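Asks: no sequence on this one, just coordinates:
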């Protein structure tokens, strides 16, 4: 299996970047990713000397044949974190809390052990317009910090430029909704994935298939804007899937769906709208999402 090394990374998502790698649709690859500080935090929790490297994302990865107007379905097969990570934020910028990652658990300094739930903070494509820093989320994806971007999920991203130009990184061994302190358990990781082309995407913002849930992601200047976008896009999608009015779709989502906060700490805030498969019945839009 081809391995894409973390030494080829970007700090902004841009159509101006030449591809670092090129893969075929359906091809499984291993993508190595740096942590959110680009390896600048030492095992002692102190920052190493050198130039900061915020949110490096491995890539860009060209998916051959991908065209603007499509979506890319990123099938995340596995995320393997390194054997340690760290937590920052919380009002103290002088040091980081080191967390051992072993035997499937995060081991906190006071002895608490929590099961790992590895995820990707950053996953996105090149936008059609100006470059977007990898620390910023948006309709192209980017720094979504959404826990369901994990192994077993399929992440759908709207293609704006030929090849899509996928980039990913900022792995977290564990992160709660909101990422309220500023970080998850930040770590390096190896991600096994494949990518399929989707000719007729369901919507023009990122969405996720995770188990029996359809998740639509919205980012905005504040939580109100992020929530409004997520709910509005979900209502329009439910309108189309169920062949009902948008008013009825909004009423339906208010009773059958959930609105959740992904993160409150990035330059734009991110919320997600979630509906279970049972609520959609025969209108469930994923009969087969295997890479082709």
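Replies: Looks like it arrived, so ask away. In this text, all values refer to a predicted model and were calculated from it rather than measured experimentally.

Asks: Would you agree residue 115 is in contact with residue 105?
Replies: Yes. Using Cβ atoms under 8 Å, residue 115 is in contact with residue 105, at 5.9 Å. No exception for glycine: its C-beta is placed from N, CA and C like everyone else's.

Asks: So between the two, which is more surrounded?
Replies: Using other Cβ atoms under 10 Å, the more surrounded residue of residue 115 and residue 105 is residue 105, with 16 against 9.

Asks: correct me, but that one touches residue 111?
Replies: No. With contact defined as Cβ under 8 Å, residue 105 does not reach residue 111; the gap is 11.2 Å.

Asks: quick one: contacts for the closest residue to residue 42 other than its chain neighbours?
Replies: Leaving out its chain neighbours, the residue that sits closest to residue 42 by Cβ to Cβ, 6 or more residues apart in numbering is residue 48, at 5.2 Å. Going by Cβ atoms under 8 Å, 6 or more residues apart in numbering, residue 48 touches 39, 40, 41, 42.

Asks: Mind checking the pLDDT average for the longest helix along the chain?
Replies: For the chain, the longest helix by residue count, based on DSSP state H, is helix 223-242. On average, the pLDDT along helix 223-242 is 98.

Asks: which other residues reach whatever helix or strand comes next after that helix?
Replies: Sequence-wise, the next helix or strand downstream of helix 223-242 (DSSP states H and E) is helix 246-256. Residues from elsewhere that reach helix 246-256, judged by Cβ under 8 Å, 6+ apart: 231, 234, 235, 236, 238, 239, 242, 244, 273, 275, 276, 279.

Asks: what would the residues you listed look like in a markdown table with distance to residue 209 and neighbour count?
Replies: A markdown table is the format used below for the contacts of helix 246-256 (distance: Cβ to Cβ, whole Å; neighbours: other Cβ atoms under 10 Å):
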| residue | distance to residue 209 | neighbour count |
| --- | --- | --- |
| 231 | 19 | 19 |
| 234 | 14 | 27 |
| 235 | 19 | 23 |
| 236 | 18 | 17 |
| 238 | 16 | 26 |
| 239 | 20 | 17 |
| 242 | 18 | 16 |
| 244 | 22 | 14 |
| 273 | 14 | 25 |
| 275 | 11 | 22 |
| 276 | 12 | 14 |
| 279 | 15 | 19 |
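
Asks: Specify which member of the residues you listed is nearest to residue 56.
Replies: The closest of these to residue 56 turns out to be residue 273 (Cβ to Cβ; 29.4 Å).

Asks: how near is that closest one to residue 178?
Replies: Distance, residue 273 to residue 178, by Cβ to Cβ, to the nearest Å: 16 Å.

Asks: Near the closest residue to residue 221 other than its chain neighbours, how many other residues are there?
Replies: Leaving out its chain neighbours, the residue that sits closest to residue 221 by Cβ to Cβ, 6+ apart is residue 268, at 6.4 Å. Residue 268 has 20 neighbouring residues, counting by other Cβ under 10 Å.

Asks: thought residue 268 was touching residue 139?
Replies: No. Using Cβ under 8 Å, residue 268 makes no contact with residue 139, being 10.3 Å away.

Asks: Can you check which residues contact both of those two?
Replies: Counting by Cβ under 8 Å, 6+ apart, the common neighbours of residue 268 and residue 139 are residue 219.

Asks: coming back round to it: could you list every helix and strand in contact with the longest helix of the chain?
Replies: Judged by 3 or more Cβ pairs under 8 Å, 6 or more residues apart in numbering; DSSP states H and E, helix 223-242 is in contact with strand 213-220, helix 246-256, strand 258-263, strand 269-276.

Asks: Pick the most buried one from these.
Replies: For the helices and strands packed on helix 223-242, the largest average neighbour count (mean count of other Cβ atoms under 10 Å) is found in strand 213-220, namely a mean of 25.

Asks: Contacts for that one, please.
Replies: Strand 213-220 has contacts (Cβ under 8 Å, 6+ apart) with 137-139, 142, 144, 146, 148, 203, 205-209, 226-234, 237, 262, 268-277, 280, 284-286.

Asks: same question for that strand, mean pLDDT?
Replies: When pLDDT is averaged along strand 213-220, the result is 98.

Asks: quick one: strands adjacent to it?
Replies: According to DSSP bridges, strand 213-220 has the following sheet partners: strand 207-210 (antiparallel), strand 269-276 (antiparallel).
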